[in-house]
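Chemist: Mind folding the following:
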Amino acid sequence: MEKFVFIFGPQAVGKMTVGQELSAITGLKLFHNHMTIDLLEPLYGYSPEMWRLTRLFRREIFQSFSKIDQYGMIFTKIWYFDQKEDWDEIEYMCNIFSSQGVEIYFVELEADVEERLIRNKTTQRLEHKPTKRNVEQSEQHLLSTLENRRLNSIDGEIKTKNYLRINNTKLDAMEVAHMIKKEFSF
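Modeler: Numbers count the residues shown, from 1 in each chain. The predicted model follows:
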């Protein structure tokens, strides 16, 4: 059965890096959120049109991928738990896959803010995410969301059957990928 693994958590928690490692050891294809953002931002800036097209591109990619013969996909994204639109979009995304018989897996990452500030500047992150290369702006956004957004779930909030929460403050991405693979028998 095909698989859809949704890795979520705050900025610089390691979603993409864990996704890269999980992809390498499972054969699941990685589609991290900045693949669409970094395509569109140079053309539209961080405008409503950029976000509309980002959502549209992702939906089309999910629709197409859910119908082809692949082992599965890993998708990474921040989940704004305090925004109904995000809940709705994640439900829509999961319904695309579940309607095709794809098994859904949720992996929530959390890490201390001090560690996330260090990860925000890593070569790996900056190489794969051009819009994060303005480190000062990226850091300011990371810190501002601590005050006015909720980027991790509350205990019991996620009801999905296949759900794993990992505090990866002191773990490297390969360790986390192996934990996910073992937990879900990928």
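
Chemist: who's in contact with the lengthiest helix in the chain?
Modeler: Taking DSSP state H as the criterion, the chain has its longest helix at helix 48-67. For helix 48-67, contacts defined as Cβ atoms under 8 Å, 6 or more residues apart in numbering pick out 2, 4, 29, 31, 36-37, 39-41, 43-44, 73, 75, 89, 92-93, 96-97, 99-100, 102. Yep, even glycine has a C-beta here, placed from its N, CA and C like the rest.

Chemist: And for stretch 81-90?
Modeler: Here stretch 81-90 has contacts from 6, 55, 79-80, 149-154, 157, using Cβ under 8 Å, 6+ apart.

Chemist: and those residues, which of them are in helices?
Modeler: Members of the contacts of stretch 81-90 lying in helices (criterion: DSSP H): Arg55.

Chemist: Dump the contacts of stretch 81-90 to JSON lines, plus pLDDT and distance to Lys15.
Modeler: Below are those laid out as JSON lines (pLDDT from 0 to 100; distance: Cβ to Cβ, whole Å):
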{"residue": "Phe6", "pLDDT": "98", "distance to Lys15": "10"}
{"residue": "Arg55", "pLDDT": "95", "distance to Lys15": "18"}
{"residue": "Trp79", "pLDDT": "96", "distance to Lys15": "10"}
{"residue": "Tyr80", "pLDDT": "95", "distance to Lys15": "14"}
{"residue": "Arg149", "pLDDT": "93", "distance to Lys15": "16"}
{"residue": "Arg150", "pLDDT": "95", "distance to Lys15": "17"}
{"residue": "Leu151", "pLDDT": "94", "distance to Lys15": "11"}
{"residue": "Asn152", "pLDDT": "95", "distance to Lys15": "12"}
{"residue": "Ser153", "pLDDT": "96", "distance to Lys15": "15"}
{"residue": "Ile154", "pLDDT": "94", "distance to Lys15": "19"}
{"residue": "Glu157", "pLDDT": "95", "distance to Lys15": "18"}
